[in-house]
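> below is the structure, and that's it, no one-letter string:
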Ligand SMILES: NC(=O)c1ccc[n+]([C@@H]2O[C@H](COP(=O)([O-])OP(=O)(O)OC[C@H]3O[C@@H](n4cnc5c(N)ncnc54)[C@H](OP(=O)(O)O)[C@@H]3O)[C@@H](O)[C@H]2O)c1
């Protein structure tokens, strides 16, 4: 039986280890990828620091970029040597922080020529989370293929992206611009202002400013559109995002979608990392405001997204230059 090295977390706050694990053979519809780059993701920290969704020992990482090294005979779309990035999360054979991952081919996108695999590794989880939250939870119309001269019916609906400086937030803003939404309000550190305005944000506010809620409310009160607001919370911090959002999303019919888990205290807090699985109890929400918790691991429940998101939508947007990957800080480890 062939084996390969994998990063293994053995328990809460235990040092990570490297161990050899069996290399799976691709089954029907699966491919095998030689992993070259993995991003370090917040979920990995939540697993190791707080045991979130963790049954130890476990492998980490749900985004990868690498090269296809094996395909099952019924896979036509991808071939040996293709450069791909993928969203990998169903089981241990798929997780990203190991030398080979084996997973269903629909989880992978081809990476366009000229894009580095390190850059491509920033895409899968974060792009999926943004697309799923906007389309499925907030019911923002993102038809695919995008019809020529498409103008969305709610072109001027106010859409607030809280935490647009995050990886997920960067993709949300780029997606909204491509589909033609014009009234996109974001919060982020102001170092991102130029980039986010280039991505289509109409207003950028510093989330650390004490006046941030009033600034957003002022835009909404001057807004001629009677539409309720849609809010995508890319941070889900009880005090840093949910509480301010609950003061903004008060019009009946507003929708709020927040990424799980809710962070009550982060890892650097004196009381340690504290998480909650419930967005609806994270703040005192106004009546008639819809609250959604986002778990991107459920995206395949939408058959259209399962079939199209990674095989078709992401690679097309990347080759058109509509979506660009996040900036990365590269940490080069030992190559196994
Ligand atoms: N449930 C799911 O399916 C799912 C999937 C993906 C991600 N997530 C979660 O989504 C969150 C974001 O993930 P990510 O990878 O995009 O994180 P990230 O790139 O590490 O984002 C961190 C950035 O968020 C911004 N931020 C922090 N606190 C903020 C606040 N109170 N208000 C506004 N912005 C704030 C800061 O940006 P500035 O530079 O602007 O200060 C910070 O640098 C994480 O909690 C992650 O676990 C959940």
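Structure received. Keep in mind that what you see is a predicted model, and the values were worked out from it rather than measured. Numbers count the residues shown, from 1 in each chain.

> now stretch 122-140: buried residues?
The neighbour-count check on stretch 122-140 (16 or more other C-beta atoms under 10 Å) flags 122-138, 140 as buried. For glycine as for every other residue, the C-beta is placed from the backbone atoms N, C-alpha and C.

> wait, I meant stretch 77-86
Within stretch 77-86, the residues scored as buried using 16+ other C-beta under 10 Å are 78, 82-86.

> so which of the buried residues of stretch 122-140 belong to helices?
By the criterion of DSSP state H, membership of the buried residues of stretch 122-140 in helices covers 124-132.

> of the residues you listed, closest to the ligand?
Nearest to the ligand out of these is residue 129 (C-beta to the nearest ligand atom; 4.0 Å).

> got a list of what the closest residue to that closest one other than its chain neighbours touches?
In space, and not counting its chain neighbours, residue 129 is closest to residue 296: 4.2 Å by C-beta to C-beta, 6 or more residues apart in numbering. Residues in contact with residue 296 (C-beta atoms under 8 Å, 6 or more residues apart in numbering) are 87, 125, 128-129, 132, 259.

> near the ligand too, which of the buried residues of stretch 122-140?
By C-beta under 6 Å from any ligand atom, the members of those lying near the ligand are 125-126, 129.

> for the nearest residue to residue 276 once chain neighbours are set aside, report the pLDDT, please.
Nearest residue to residue 276, sequence neighbours excluded (C-beta to C-beta, 6+ apart): residue 262, at 4.2 Å. We have a pLDDT of 95 for residue 262.

> and what of residue 266?
86.

> just checking, it touches residue 275?
No: taking contacts as C-beta atoms under 8 Å, residue 266 lies outside contact range of residue 275: 9.5 Å.

> what does the stretch 101-250 of the chain put close to the ligand?
125-126, 129, 162-163, 165-168, 187-189, 192, 207, 234-237, 240-241.

> make a PyMOL selection of the buried ones in the residues you listed.
In PyMOL, a selection of the buried entries from these looks like this (16+ other C-beta under 10 Å):
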select buried, resi 125+126+129+162+163+165+166+167+168+187+188+192+207+234+235+236+237+240+241
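
> I'd like the average pLDDT over stretch 177-197.
pLDDT averaged over stretch 177-197 gives 98.

> what about the closest residue in space to residue 61 that isn't next to it in sequence, neighbour count?
Excluding the flanking residues, the one nearest residue 61 by C-beta to C-beta, 6+ apart is residue 96, at 3.0 Å. Look at residue 96: counted by other C-beta atoms under 10 Å, it has 30 neighbours.

> could you do residue 95 as well?
Residue 95 has 25 neighbours, counted by other C-beta under 10 Å.

> so it sits against residue 101, correct?
Yes: look at residue 95 against residue 101 with C-beta under 8 Å: they come within range, at 7.0 Å.

> how far away is the residue nearest to residue 61 from residue 269?
Going from residue 96 to residue 269 by C-beta to C-beta, to the nearest Å gives 28 Å.

> next one: residue 137
28 Å.

> by contact count, what packs against the helix or strand harbouring residue 44?
Here residue 44, judged by DSSP states H and E, is contained in helix 42-50. Where contact means 3 or more C-beta pairs under 8 Å, 6 or more residues apart in numbering; DSSP states H and E, helix 42-50 is packed against strand 274-276.
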